[in-house]
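Trainee: predicted model and sequence follow; I will ask about them next.
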Amino acid sequence: MSIAAVNTRPLSRLNPLQRLGAPVERPVLQLRSTQDDKKKILFVTSELTDLVKTGGLADVSAALPRALAARHDVRVLIPGYTQVMQCGEPIRIVGSVMSHGDLPACKVGRLDMPDGLIIYVVICPELYERDGLPYGDEHGNDWPDNPVRFARLCMVAADIAACTAGIRWTPDLVHAHDWPTGLAPAYMHWRGLTTPSVFTIHNLAYQGNIDMSQRRALGIPMEGCGPERMEFYGALSLLKAGIAYANRITTVSATYAHEITTPAFGCGMEGFLSLKARQGLLSGLLNGIDESWEPQSCQHLISPFGPHDWAGKRANAAHVRQLFGLDEGDGPLFSVVSRLVHQKGIDLTIAVAETIVERGGQLAILGRGEPLIEDQVRRLAERFPGRVGAHIGFNETDARRLFGGSDFLLMPSRYEPCGLSQMYAQRFASLPIAHRTGGLADSIDDGVTGFLFDDATVESYRRAVERALAVHQKPQLLNAMRCRAMSGGFFWSHAIEPYDRLYQQLLGGRREVTATI
Ligand SMILES: Nc1ncnc2c1ncn2[C@@H]1O[C@H](COP(=O)(O)OP(=O)(O)O[C@H]2O[C@H](CO)[C@@H](O)[C@H](O)[C@H]2O)[C@@H](O)[C@H]1O
């Protein structure tokens, strides 16, 4: 079975010592296209780091359009959540759309970010302006009207593509992300639009499954309800709508693109995804990170640092110890920066924490998520005072200081479509210890830029932690690995290449997408 995986960043095939000695290669942004080549691309997303974020999707939605800006006119469409409406930048009304089924009439605003990124905002106070997070209240309960909320977003995307939203800007291509936007390619198809669409799966486990009885309310025609379309075990899946109707499906690493065609990772959609893969419509494109991940200039850090200049890193470590109530010292400092959900294997980290503490290590955990896992993390910190510290919550400054201050980042995810934290950590010289899955397998060079373990079990994980502890005893090797990790070319300036090729291919340009598997 073939998966059209477009040229993601291959890891070097040199032996580890050769790789450790290799010169640092810096990414170079190449502005190859002329102004005339610029295509109009509409990104449809439910999160954007500048305005509202629950995880990695927000980072990609904010960074990828900006990285593509030199080549294309990329604009973003998001719901007008309270956080968006109150962001402090003016929002001008530029369009409006009618009601449809249960989807209320709404206005479309335009928000120009200070750096020039243009964001269209779906203004519909009854759907979006409420306290809480994009998908639910502060207690983690999903909003019951989520299907209507996100169908509204998707139908505005289709209206913009059809020039029926009153906006004088019509996209050449629509790029939708994850289940909240899965209906965008579907509505475009049902309207008979020929505008090509791309649908990116950031996490297959979140599927937006709804009862069949909601079909009419959301304006889904009968033809959308078959097994080759949105039907999923008797329900309708908004995620499957994106997979079924988009011209191309991408996910965020080559390994995950393969994994989701197997029963172990396919979340029930492996058959449908295998079909798309056989048709050459499924690609794995590794995410990137933005240029702000530079430890020599990052404003969030207590002290800057660079390769071979570890004084600043030690200052960040001292700060992290203080912030997390850890004893002073210079033993190995492990960190977790993560959503606290089953996917991320936090229970496995709790199980190896004793080994870390017994061997003189310390652990700082930052994140929020499922209440049960939050409680387990709190209890772990109580069990090892001065050795394990936890902050339930999330803020960018502390996250960056943790990446900058820690020696190792723990990421035993059961599955990981791409993962960004391990890329951030490598840039900030914190070596990731991670399960060999998805994008973790594609972005960590075992024994060179981090440590990979094969099975999502405590035993396999503990062996990797022990390897890391052994490296910590050998400062020369530790520093060589840090330098190698920091030099990883994960920046979007490289990572946009396969997206650009995919867009060109769909828009009839000459550049071809190469199938590698
Ligand atoms: N509790 C919290 N609240 C808010 N932000 C938090 C947080 N904990 C961590 N973060 C931040 O969110 C980002 C985490 O991104 P990841 O890619 O590692 O995982 P996530 O599972 O959210 O993303 C999904 O989408 C991304 C993008 O494609 C894929 O890389 C990934 O594999 C997939 O699971 C980082 O910027 C991190 O600092």
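Mentor: Nice, I can see it.

Trainee: neighbours around Met188, how many?
Mentor: The local packing of Met188 (other C-beta atoms under 10 Å) involves 26 other residues. To be clear about C-beta, it is placed using only N, CA and C from the backbone, and glycine gets the same treatment.

Trainee: please name the nearest non-neighbouring residue to it.
Mentor: Leaving aside its sequence neighbours, Met188 sits nearest to Ala158 (C-beta to C-beta, 6 or more residues apart in numbering; 4.8 Å).

Trainee: where are the low-confidence patches of the stretch 51-200 of the chain?
Mentor: Counting by pLDDT under 70, the stretch 51-200 of the chain contains no low-confidence residues.

Trainee: which parts of the stretch 201-350 of the chain sit against the ligand?
Mentor: By C-beta under 6 Å from any ligand atom, the part of the stretch 201-350 of the chain that sits against the ligand consists of 202-203, 252, 287, 337-339.

Trainee: what distance do you get for the one residue sitting closest to the centre of the chain to the ligand?
Mentor: Here the mean C-alpha position of the chain is nearest to the C-alpha of Gly56 (C-alpha atoms, centre = their mean), at a distance of 3.1 Å. Going from Gly56 to the ligand by C-beta to the nearest ligand atom, to the nearest Å gives 3 Å.

Trainee: before we move on, what about Cys163?
Mentor: Cys163 sits at a distance of 30 Å from the ligand (criterion: C-beta to the nearest ligand atom).

Trainee: what of Arg436?
Mentor: 14 Å.

Trainee: secondary structure element holding the closest residue to that residue other than its chain neighbours?
Mentor: Ranked by C-beta to C-beta, 6+ apart and with sequence neighbours excluded, the top spatial neighbour of Arg436 is Leu452, at 4.2 Å. Assigned by DSSP states H and E, Leu452 falls within strand 451-453.

Trainee: swap in Thr261?
Mentor: In this assignment (DSSP H and E), Thr261 forms part of neither any helix nor any strand.

Trainee: next: Leu42.
Mentor: Secondary structure assigned from DSSP H and E places Leu42 in strand 40-44.

Trainee: ok, now which ones touch the residue of the stretch 151-300 of the chain found nearest the ligand?
Mentor: Residue of the stretch 151-300 of the chain nearest the ligand, by C-beta to the nearest ligand atom: His202 (3.7 Å). Under the criterion of C-beta atoms under 8 Å, 6 or more residues apart in numbering, the contact partners of His202 comprise 56-57, 60, 177-178, 251-252, 417-418.

Trainee: also Ile365?
Mentor: Contact analysis of Ile365 by C-beta under 8 Å, 6+ apart lists 335-336, 349, 377, 380-381, 388-391.

Trainee: before we move on, the earlier item: what mean pLDDT does the strand holding Leu452 have?
Mentor: Per-region confidence: strand 451-453 scores 98 on mean pLDDT.

Trainee: for the helix or strand following that strand, name the packing helices and strands.
Mentor: Moving toward the C-terminus from strand 451-453, the next helix or strand (DSSP H and E) is helix 458-472. Packed against helix 458-472 by the contact rule (3 or more C-beta pairs under 8 Å, 6 or more residues apart in numbering; DSSP states H and E) you find helix 346-358, strand 408-411, strand 431-435, strand 451-453, helix 475-486.

Trainee: pull out the buried residues from helix 458-472.
Mentor: When burial is assessed from 16 or more other C-beta atoms under 10 Å, helix 458-472 yields the following buried residues: 458, 460-465, 467-469, 471-472.

Trainee: then stretch 97-116?
Mentor: Within stretch 97-116, the residues that qualify as buried by neighbour count (16+ other C-beta under 10 Å) are 97, 100, 103, 106-111, 113.

Trainee: and of the residues you listed, the nearest to the ligand?
Mentor: The ligand lies nearest to Met113 out of those, by C-beta to the nearest ligand atom, at 18.6 Å.

Trainee: about what we covered before: check contacts around the residue nearest to Met188.
Mentor: Taking C-beta under 8 Å, 6+ apart, one finds 184, 187-188, 191, 193 in contact with Ala158.

Trainee: ok, these vs Asp37, which is closest?
Mentor: Minimum distance to Asp37 across these is 22.6 Å, recorded for Leu193 (C-beta to C-beta).

Trainee: what helix or strand is the closest one located in?
Mentor: Using DSSP H and E, no element contains Leu193; it sits outside every helix and strand.

Trainee: where does Asp37 land on pLDDT?
Mentor: For Asp37, the predicted pLDDT is 76.

Trainee: residues near the closest residue to it other than its chain neighbours, how many?
Mentor: Ranked by C-beta to C-beta, 6+ apart and with sequence neighbours excluded, the top spatial neighbour of Asp37 is Arg71, at 7.2 Å. Residues within reach of Arg71, counting by other C-beta under 10 Å, total 21.

Trainee: Pro432 now?
Mentor: A count of neighbours around Pro432, defined by other C-beta under 10 Å, yields 26.

Trainee: again with the one 5 residues further on
Mentor: Here the neighbour count serves as a burial measure; for Thr437 (other C-beta under 10 Å) it reads 26.

Trainee: could you do Gly192 as well?
Mentor: Using other C-beta under 10 Å: Gly192 sits among 7 other residues.

Trainee: for it, grab phi and psi.
Mentor: Backbone torsions for Gly192, taken as degrees, to the nearest 10, come to phi 80, psi 20.

Trainee: what's the spacing between Asp327 and the ligand?
Mentor: Per C-beta to the nearest ligand atom, Asp327 is found 25 Å from the ligand.

Trainee: where along the stretch 101-250 of the chain do the helices fall?
Mentor: Ranges of helices within the stretch 101-250 of the chain are 125-128, 146-161, 183-190, 238-245, based on DSSP state H, counting those that start in this stretch.

Trainee: so Val448 sits right up against Met481, yeah?
Mentor: Yes - here Val448 lies in contact with Met481, judged by C-beta atoms under 8 Å, at a distance of 6.6 Å.

Trainee: list the contacts for Leu380?
Mentor: Contact criterion C-beta under 8 Å, 6+ apart gives 350, 353, 365, 388, 390 as the residues in contact with Leu380.

Trainee: closest to the ligand out of those?
Mentor: The shortest gap between the ligand and any of those belongs to Ile365, at 10.3 Å (C-beta to the nearest ligand atom).

Trainee: correct me if wrong, but that closest one is in a strand.
Mentor: Yes - with DSSP: H, G, I helix; E, B strand; the rest coil as the criterion, Ile365 is part of a strand.

Trainee: which one is Gly312 nearest to, not counting chain neighbours?
Mentor: If the residues on either side of it in the chain are set aside, Gly312 comes closest to Phe305, at 3.0 Å by C-beta to C-beta, 6+ apart.

Trainee: correction: the previous question concerned Asp500.
Mentor: On the basis of C-beta to C-beta, 6+ apart, the spatially nearest residue to Asp500 that is not a chain neighbour turns out to be Arg71, at 5.9 Å.

Trainee: the one you found touches Tyr499, doesn't it?
Mentor: No - under the criterion of C-beta under 8 Å, Arg71 is not in contact with Tyr499, lying 9.5 Å apart.

Trainee: list residues touching both of these two?
Mentor: Counting by C-beta under 8 Å, 6+ apart, Arg71 and Tyr499 have no common neighbour.
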